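[1] Provided below for reference: sequence and predicted model.
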Amino acid sequence: MSPSRRVVFISMIVVAVGTAAALGALYLDPARAAVGPLPPEGLALPGDARFVMGMDVRRVTASPLYKRYAKGSPGQAFSRDSAFHAIEEKTGVNPERDVDQLLLVGRGGSGVDAGLALVLGSFDRGKLSRAIETEKKGKVSWKDYQGTTVYLFDEGAKGTGAVAFLDDHSLLVGSQSAVETTVSNRTQGTAGLRQNTALVALLERVRPGSTFWMVGDQSLLANLPRAFPNPAGGPAGSGGSLTLPSLKSLIVTGDLDPVVAVAITGETPDEAAAKSLADMVRGLLGFLALQANQKPELREFAQAISVTTEASRVQVNARFPYALLDALQTKAPATAGPAGPAK
Amino acid sequence: MSVAPLEFVRASRWYGPVIALNDVTVEIPPGVTGLLGPNGAGKSTFLKLAAGQLSPSQGEVRLLGVPAWGSPAVFHRVGFCPEVDAFWEGLTGLEFLMILLRLTGFDERECRERAEKALQEVALLDAKDRKIGGYSKGMRQRVKLAQSIAHEPELLFLDEPVSGMDPVNRRRVIDLVKRMGREGRTVVVSSHILHEVEAMTRRVLLIHNGRILAEGDVREIRDLMDEHPHTVALRARDPRSLAEAVVRLPHVLSLSFGPEGEWVTVQTAKPDEFYGAVSGAAIEAGVSEMYSPDEDLESVFKYLVAR
Amino acid sequence: MTDGTGSAARGRDTARPLSLAVAARGVFDLALQGMVWSRRSLLMAILLGLPAAVSILYRVVPKAWVPSRLGGPDLYALIAVFYYVRNFLPLAALFYATALIADEVEGRTLPYLLTRPIPRSAILLGKFAAYLTTTLTLTLPATVVTFFLLLTARGFAGLGASVPDLFRDMGVMVLALLAYGALFTLLGVLLRRPVIPGLLFLFAWELIANLPGYLPRFTITVWLRSLMTHHPAEEGLAGLFAQTLPAGMCLGVLAALIAGFLGLSLWIFSTREYVLEQ
């Protein structure tokens, strides 16, 4: 083999090894899930969901955002830490330590019936069950539903809340009907969320490993308000408001380390609507940038957001360094020190 | 009717306003043909047209019956040794030949056999594994010749093939060319040095200012030259004793001393006889350098054109 | 062995030139040797391998020295988009591809190739393949090494999710080298001094990609950029009007550009005379 071919061969070996390693990582990555970022337990959630949100709680608590802002002021930190301490004492669960993921599902309607939460983590099931059973005496009841114990709060009342363990690592909290539907899907192996093809298609477009994410389809977005005040005033006759084009779907993903990064993808009915929406967003960003005279950080904020279109899809990407967020925060007034000696 | 290996039919070639070859019609038969002309006469253009490197601006150039330009298949049977001293310097002599033989359609084993045979012909087999960048001028010239003959072509175009060679290798190349001519190949050798061409063949084409002045037997040219005085300059340790020996020779027409007294300049009517006669005296007088400004044909051609 | 007439030696078909593939392969072997072991390649190896060195540095320097906003994945995105696809791969294409024939002309070795029984187009194709092989040899390993060093800077979580990006990026790099290489090969056969026009194209014309409307479609970079998923924050105002064109359209246009530029180059080279200075 000539020396030049040897160099090429060695190079190809390096690339082949790298490719093999990459394929191995792809196969073994623990972030892989049943559907997009949704863990297998999430497939049992009700199929009539309009939106699904997920949060990797471990990443959130490890992020600079949590460390900076969740602590809040010295006085608040004391109450948050002590609250978590109290919860742990009662239930054996430390939210910062024991909770891995949080999934929220929104269904039609309002009130308690509208939502359902699935908490995944490591629980002391016995201690937690006792805490539930003893917490609100007289108002908590429980029953066996298809082999699963379902705890009911204010049974019989409108909007009865419920809590149930799907297994030692999965806790459902929501309305009685939502919890029972989920339990039923799980025990009977029915499709649940998987039969919601619209949401499943959106979930598959979410990158696994995101710190937080949300997908919503047309059934959610149709009910969202589309007009909101135009900070720039707007043309005559518009009433000083902006009307957003309707969205067919929405995907939000984000990370919190090392910067706050958010990606929002909206599907509009057509390319013209996408361009119109993108132009609106760019206009707003331009307006923000114009405010930089009063607050220079606004220019940097606006520049940290990019808007692109691809056919009928609008994508907004934002990346905010923590230094920028700190600068944008309104500084709390300094507390007055002890009065000085009278002059 | 058999096709001439090389034909020029009213072929002309110009570069802008400059006419390099002007209305040339000639058929080159098998055997060795010398292409003689001074620098700038059009020899290289003639050979490049013959080797399909250029297309004629007018007329035709045919190789083995097909147009030379745009017929790559004909190069299975054609070899070309360009004048320029240029190589892929990082290759060894053997690699250089093998790569070009591969591009001529031979398999790996045959490439090696032919390459080594060609290198042997030009006495470079011992240096086959040395990089061409480290070759001397004469070795470079020989490896260039080797690539042109390695595939045993029917037609061979050699542009100044012995330029820069020492007398031993010059003799070797001349013998090789003569042998190829005897084998029936068509060899066109260009040079501006008459006696080099004369050693290889008797058939010559004289070219000057892009036109064929004459074609025929070299003796006729030689006879013309013999009427033209030939200048030879010699540098010696003892120029006076050299001058004493030279002035007695019958065909020496005049003699003078050059600058600084080291040079002796001689005019002779018969240069070949002069070279033979002066050798003994040259050794005794310590001749260290010898050249002839009339060695090329420039002055001869001026003489011939003026006649 | 022949009998001195040179015809039909050992089964060789002397009535036809060598096939395009065989001839191009032979030229490829010749050209590869010259390209891989050249000063140009040494410089390119340093430039194209620099990201790998930066990645090693990123992993070994204390975290306090590294800006907190610059995570491993962010740095990788910057390297893939800005360093490779927008800058140094086009530059590598410029310096190699414009010289494919120019090197032979200046070195006066072209007659050796032109007096072989091979189609002329095989010479250019073989040299183009050698250019592509050389540049990919220098680029892909550095990309793979950079990817793994930077994406595992905070552990292996999420690595698998980024693997499709690695493959996509490598694919875009191949396309970049093909597209720019084909264009600069055309410049190389058309012009005597192709480097300056090439630089103007890269650093003036390609800026049109940052404008709104249809004008960016007349650049190469907009099609390449659309195929990449990274949108580094440092794009800033340059990314204000960034368009992401459909992937199918990008691939189609790039394929057409590559075929068009290369086809034109082959035709011009096949019909052109090269008068070398003595």
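    Nice, thanks for sending it over. Residues are numbered from 1 along each chain as shown, chains lettered A, B, ... in the order given.
[2] Now that C:Leu124 has come up, it's in contact with C:Gly188, right?
    No: C:Leu124 lies out of contact with C:Gly188 (CB atoms under 8 Å); the separation is 9.4 Å. (Each C-beta comes from the backbone N, C-alpha and C, glycine too.)
[3] For the stretch 51-200 of chain C, which residue gets nearest to chain A?
    Scanning the stretch 51-200 of chain C for the residue nearest chain A gives C:Gly160, at 2.4 Å (criterion: CB to the nearest CB).
[4] so which strand or helix has that residue?
    Assigned by DSSP states H and E, C:Gly160 belongs to helix C:159-190.
[5] quick one, the next helix-or-strand element following that helix and helix C:159-190 angle?
    Downstream of helix C:159-190, the next assigned helix or strand under DSSP H and E is helix C:195-203. Angle of helix C:195-203 versus helix C:159-190, following axes from the mean of the first three to the mean of the last three CA atoms, to 10 degrees, is 150 degrees.
[6] Who are the packing partners of helix C:195-203?
    With contacts taken as 3 or more CB pairs under 8 Å, 6 or more residues apart in numbering or on different chains; DSSP states H and E, helix C:195-203 sits against helix C:89-97, helix C:159-190.
[7] So whatever helix or strand comes next after the shortest one, near chain A or not?
    Put plainly, it is helix C:89-97. Of the helices and strands lying after helix C:89-97 in sequence (DSSP H and E), the nearest is helix C:99-107. No: legend: contact between helix C:99-107 and chain A by CB under 8 Å from any CB of the partner chain is lacking; minimum distance shown is 15.6 Å.
[8] is chain B contacted by the helix or strand that helix C:99-107 is followed by?
    Tracing the chain past helix C:99-107, the next element assigned as helix or strand by DSSP H and E is helix C:110-114. Yes: using CB under 8 Å from any CB, helix C:110-114 reaches chain B at C:Pro111, C:Tyr112, C:Leu113, C:Leu114.
[9] Identify the residues contacting the closest residue to the third one other than its chain neighbours.
    Excluding the flanking residues, the one nearest C:Leu113 by CB to CB, 6 or more residues apart in numbering or on different chains is C:Ile123, at 5.1 Å. Contact partners of C:Ile123, counting by CB atoms under 8 Å, 6 or more residues apart in numbering or on different chains, are C:Ala23, C:Val27, C:Ile101, C:Leu113, C:Leu114, C:Phe269.
[10] please redo it, this time with the cut-off set to 10 Å
    Contact analysis of C:Ile123 by CB atoms under 10 Å, 6 or more residues apart in numbering or on different chains lists B:103, C:23-24, C:26-27, C:30-31, C:100-101, C:104, C:110, C:113-114, C:116, C:266, C:269-270.
[11] Now it: which helix or strand?
    helix C:120-151.
[12] Show me which residues of chain B sit near chain A.
    B:Glu95 (CB under 10 Å from any CB of the partner chain).
[13] Where does chain B get nearest to chain A, which residue?
    B:Glu95 (8.9 Å).
[14] Report the secondary structure element holding that residue.
    Counting by DSSP H and E, the element that carries B:Glu95 is helix B:93-102.
[15] helices and strands around that helix, which ones?
    Helix B:93-102 sits against helix B:108-121, helix B:137-149, helix C:20-36, helix C:110-114, with contacts defined as 3 or more CB pairs under 10 Å, 6 or more residues apart in numbering or on different chains; DSSP states H and E.
[16] Same list (those) but as JSON lines, adding mean pLDDT and mean neighbour count.
    Conversion of those to JSON lines gives the following (pLDDT from 0 to 100; neighbours: other CB atoms under 10 Å in any protein chain shown):
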{"stretch": "helix B:108-121", "mean pLDDT": "95", "mean neighbour count": "18"}
{"stretch": "helix B:137-149", "mean pLDDT": "93", "mean neighbour count": "23"}
{"stretch": "helix C:20-36", "mean pLDDT": "94", "mean neighbour count": "21"}
{"stretch": "helix C:110-114", "mean pLDDT": "94", "mean neighbour count": "21"}
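[17] what's the closest of those helices to B:Pro271?
    Closest to B:Pro271 of the helices and strands packed on helix B:93-102, according to CB to CB: helix B:137-149, at 24.3 Å.
[18] what angle separates that closest one from helix B:108-121?
    For helix B:137-149 against helix B:108-121, the angle by the same axes, to 10 degrees is 140 degrees.
[19] now helix B:137-149, how far from the centre of its chain.
    13 Å (CA atoms, centre = their mean, to the nearest Å).
[20] Tally up the residues packed near whichever residue of the stretch 151-278 of chain C sits closest to chain B, please.
    Closest contact between the stretch 151-278 of chain C and chain B, by CB to the nearest CB, is at C:Glu273 (5.4 Å). For C:Glu273, the neighbour count with other CB atoms under 10 Å in any protein chain shown is 10.
[21] Tell me the spacing between the residue in the stretch 101-250 of chain A positioned nearest to chain B and A:Pro64.
    Nearest residue of the stretch 101-250 of chain A to chain B (CB to the nearest CB) works out as A:Arg207 at 48.9 Å. As judged by CB to CB, to the nearest Å, A:Arg207 and A:Pro64 stand 21 Å apart.
[22] So which of these two has more stuff around it?
    For A:Arg207 versus A:Pro64, the count of surrounding residues by other CB under 10 Å is larger for A:Arg207: 19 against 16.
[23] Now do A:Arg205: how many residues are near it, please.
    The local packing of A:Arg205 (other CB under 10 Å) involves 13 other residues.
[24] wait, doesn't it sit right on A:Leu250?
    No: between A:Arg205 and A:Leu250 there is no contact under CB atoms under 10 Å: 11.1 Å.
[25] tell me, what's touching these two both at once?
    The contact lists of A:Arg205 and A:Leu250 share A:Val215, A:Thr265, A:Glu267, where a contact means CB under 10 Å, 6+ apart.
[26] okay, those residues in a markdown table with pLDDT next?
    Formatted as a markdown table, the shared contacts of A:Arg205 and A:Leu250 follow (pLDDT from 0 to 100):
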| residue | pLDDT |
| --- | --- |
| A:Val215 | 92 |
| A:Thr265 | 90 |
| A:Glu267 | 88 |
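[27] can I get the residues you listed in a markdown table with secondary structure?
    Below are the shared contacts of A:Arg205 and A:Leu250 laid out as a markdown table (DSSP: H, G, I helix; E, B strand; the rest coil):
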| residue | secondary structure |
| --- | --- |
| A:Val215 | strand |
| A:Thr265 | strand |
| A:Glu267 | strand |
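[28] Quickly name whichever of these is closest to B:Arg248.
    Nearest to B:Arg248 out of those is A:Thr265 (CB to CB; 107.1 Å).
[29] The closest one and A:Leu277 touch, don't they?
    No: the criterion here is CB under 10 Å, and A:Thr265 misses it with A:Leu277 at 11.6 Å.
[30] Now do the shared contacts for the two.
    Common neighbours of A:Thr265 and A:Leu277 (criterion: CB under 10 Å, 6+ apart): A:Val314, A:Val316.
[31] measure B:Gly16 to B:Ser57 for me?
    Taking CB to CB, one finds B:Gly16 at 11 Å from B:Ser57.
[32] now A:Trp142
    Counting by CB to CB, the gap from A:Trp142 to B:Ser57 is 104 Å.
[33] likewise A:Gly266?
    Taken as CB to CB, the span from A:Gly266 to B:Ser57 is 67 Å.
[34] Leaving out chain neighbours, which residue sits closest to C:Pro197?
    C:Leu187 is the one closest to C:Pro197 (CB to CB, 6+ apart), at 6.0 Å.
[35] my bad, should have said C:Leu48
    C:Leu48 sits nearest to C:Leu138 (CB to CB, 6+ apart), 4.5 Å away.
[36] Which per-residue confidence value corresponds to the one you found?
    On the pLDDT scale, C:Leu138 is placed at 94.
[37] go on, C:Arg154?
    C:Arg154 carries a pLDDT value of 67.
[38] ranges for the strands of the stretch 51-200 of chain B?
    Assigned by DSSP state E, counting those that start in this stretch, the strands in the stretch 51-200 of chain B fall at B:58-63, B:66-67, B:78-81, B:155-159, B:186-191.
[39] Over to the stretch 1-150 of chain A?
    Going by DSSP E, counting those that start in this stretch, the stretch 1-150 of chain A shows strands at A:51-56, A:99-106, A:115-121, A:140-145, A:148-153.
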